[in-house]
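Student: Please work out how this folds:
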Amino acid sequence: MQGTILILEATATNRIMLKVQLSAGYYKVVQSECLSGASEVIARTQPDLIVAGASLRDGGIADICAMRDAAAPGVPLMIITRENDSGARQAALRAGAEDAMSPPLQDLSLLARIRRLIRDRNQTEDLRPRDSMHRGMGFYEPSSEFTRPARVAVVAGSDTAARALSRRLEPTARHMLRCFTPDQLRQSGAEQPSYDAILIDFSDQHPIGSGPADLRLLPELRSRAATRHAAVIALTAPASPEVEAEALDLGADDVAAIDCDMSELNLRLDRRLDLTRRSNRLRAALQKGLRAAVRDPLTGLYNRRFALPHLACAARHAQDTGKPFAVMLADIDHFKAVNDRYGHPTGDQVIRETASRLLSGLSEEDMLARVGGEEFLIVLQNANAKAARSIAQSLRARVNGQAFDVDGKNPPIPISISIGVVTVPTAILDHPTIREPAEEMTQALITAADRALYSAKKTGRNRVSVVMAA
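Tutor: Numbering: from 1, shown residues only. Got it, this is the predicted structure:
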């Protein structure tokens, strides 16, 4: 089965017709004829979607939406209105329904809309648990309720058709509209600002010779970084279920007839923009949470959770390519004395400045992580013993070359570091009797670098100690 759909409809013939249509799409169908029993059915069956008639014996559109919000938050709701009832469709969208349709319900269009609603729900649910976790861990602050006017691209087969559609939208639109032909939108590329929503006219009502936009534009938009998360609404000729279904399956978020009430079209646009903004916030929270999981909050460097698997990957890469690499552990000398004399806030600034100086001396392919209070791990790719020693000495000089001007301390604070370096030559990587699993090599390298660091500390600090992996 594709999923479970609850039909909430007072009229038995309508329930039967909907069940036949939805069963043809291989959905499991459950039914209820009134609001009073719907919550129990939802709790028992856990539907993926609710399809409801606009008027039940014990409630209307607002009551249906309120019941859904209480009993099944996050489950998409489609309202079926009376025939050609744009006012009821608009009322459903304003009340919170994800979609609204009017009879006659064409199988192709109905099933395509349902696929789109369930797809949207599944994508949101993939982000929602992580979002709750990130909020609980304090990874980000709640977003402001203020939203700027959206940037909306109006696309049609000709400039004339695009401008005509834009003029129809303007009286009820709250957004900034800009007109394009499909080729102009394709050519705009990265030099144009990204658009929050894109309205595309796929109908055949164009000046002679211009032709409608090609449906292949939809997967193109979904493949581009700048437009893959934009809200896309396809406008089709009236009574075109095949085109509606294909547009939805190719990436459109919603469809409407080109001759629909512009107030309804703008309402659909607003609804899709709200859903897109919500998804974007969830996605941003996920990305921020992932970053927080692998980044040190004080310095912005990678943390131990990232650094050790990265070192294992570097070891595997070196084993596969036979190229040498090196591992360093760097430690700030006499850091406890800095904290004791100047306080921990000053100590934090010393750590941040040390991280900045170390990072400035490394290439993009090298990895720098803070793995302890004042300890840093460095992985150098493609570095032999001579190169590793030279880089380590350069890093040491970057740190101790100029005293740290922290909080206006006068005189500035002199800081130095000690570095332990372990190099892994090609001979070890190529030797079949010496090769070992990357994870075991990682631990051995950390241990060897720690011993080299201890040697640098023991012999006077502000030094570099280099050893070769055994």
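
Student: By mean pLDDT, flag the weakest helix or strand of the protein.
Tutor: helix 426-430 (a mean of 58; mean pLDDT, DSSP states H and E).

Student: what residues does stretch 237-250 touch?
Tutor: Identification of contacts with stretch 237-250 by Cβ atoms under 8 Å, 6 or more residues apart in numbering yields 106-109, 111-113, 115-116, 202-205, 215-216, 218-219, 234, 236, 254-255, 257-259. C-betas here are computed from N, CA, C, even on glycine.

Student: Out of the residues you listed, which sit inside strands?
Tutor: The strands, defined by DSSP state E, take in A234, T236, D254, V255, A257 from the contacts of stretch 237-250.

Student: quick check, nearest of these to R278?
Tutor: D254 (15.2 Å; Cβ to Cβ).

Student: What separation do you get for the nearest residue to that closest one once chain neighbours are set aside and N280?
Tutor: Closest residue to D254 in three dimensions, ignoring its sequence neighbours and counting by Cβ to Cβ, 6 or more residues apart in numbering: I233, at 4.8 Å. As judged by Cβ to Cβ, to the nearest Å, I233 and N280 stand 17 Å apart.

Student: Check A469 too.
Tutor: Counting by Cβ to Cβ, the separation of A469 from N280 is 47 Å.

Student: Neighbour count: those two, which is higher?
Tutor: The neighbour comparison of A469 against N280 (other Cβ atoms under 10 Å) goes to A469, with 19 against 13.

Student: how far away is that one from Q319?
Tutor: Separation of A469 from Q319 (Cβ to Cβ): 12 Å.

Student: What of L273?
Tutor: 50 Å.

Student: Give me the distance between R113 and R222.
Tutor: Distance of R113 to R222, given as Cβ to Cβ: 18 Å.

Student: Around the nearest residue to G3 once chain neighbours are set aside, count how many other residues there are.
Tutor: Distance criterion Cβ to Cβ, 6+ apart; nearest residue to G3, sequence neighbours excluded, is D48 at 3.8 Å. Residues within reach of D48, counting by other Cβ under 10 Å, total 22.

Student: My read is that D48 contacts D120, right?
Tutor: No - taking contacts as Cβ atoms under 8 Å, D48 lies outside contact range of D120: 11.1 Å.

Student: Secondary structure element holding the residue nearest the centre of the chain?
Tutor: Residue closest to the mean C-alpha point of the chain, counted by Cα atoms, centre = their mean, is R283 at 3.4 Å. Using DSSP states H and E, R283 maps to helix 262-294.

Student: Just the buried residues of that helix, please?
Tutor: By 16 or more other Cβ atoms under 10 Å, the buried positions in helix 262-294 come out as 262, 264-273, 275-276, 279, 282-283, 285-286, 289, 292, 294.

Student: Tell me where the model's unsure across the protein.
Tutor: Applying pLDDT under 70 to the chain flags residues 1, 127-147, 189-193, 204-212, 426-439, 470.

Student: redo that, cut-off 50
Tutor: Residues of the chain meeting the criterion pLDDT under 50: 130-146, 190, 206-209, 431-435.

Student: The stretch 301-450 of the chain: strands as residue ranges?
Tutor: For the stretch 301-450 of the chain, applying DSSP state E, counting those that start in this stretch gives strands covering 325-332, 367-370, 375-380, 417-424.

Student: so can I have TSV of these showing distance to I7 and mean neighbour count?
Tutor: Formatted as TSV, the strands of the stretch 301-450 of the chain follow (distance: least, Cβ to Cβ, whole Å; neighbours: other Cβ atoms under 10 Å):
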stretch	distance to I7	mean neighbour count
strand 325-332	62	25
strand 367-370	55	22
strand 375-380	59	23
strand 417-424	65	26
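
Student: Just send the ones you listed back as CSV, with distance to S158 too.
Tutor: Output for these, formatted as CSV (distance: least, Cβ to Cβ, whole Å):
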stretch, distance to S158
strand 325-332, 59
strand 367-370, 53
strand 375-380, 57
strand 417-424, 64
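
Student: Quick one, which of those gets closest to D63.
Tutor: Among these, strand 367-370 comes nearest to D63, with 55.8 Å by Cβ to Cβ.

Student: which other helices and strands contact that closest one?
Tutor: helix 304-321, helix 344-360, strand 375-380 (3 or more Cβ pairs under 8 Å, 6 or more residues apart in numbering; DSSP states H and E).

Student: Highest mean neighbour count out of these?
Tutor: Counting by mean count of other Cβ atoms under 10 Å, strand 375-380 has the highest mean neighbour count of the helices and strands packed on strand 367-370, with a mean of 23.

Student: Which neighbours in the sheet does that one have, and how are they oriented?
Tutor: strand 325-332 (antiparallel), strand 367-370 (antiparallel) (DSSP bridges).

Student: Now do the last one: distance to the chain's middle.
Tutor: Pointing back at strand 367-370 there. 25 Å (Cα atoms, centre = their mean, to the nearest Å).

Student: got it, and the first one?
Tutor: Put simply, strand 325-332 sits 34 Å off its chain's centre (Cα atoms, centre = their mean).
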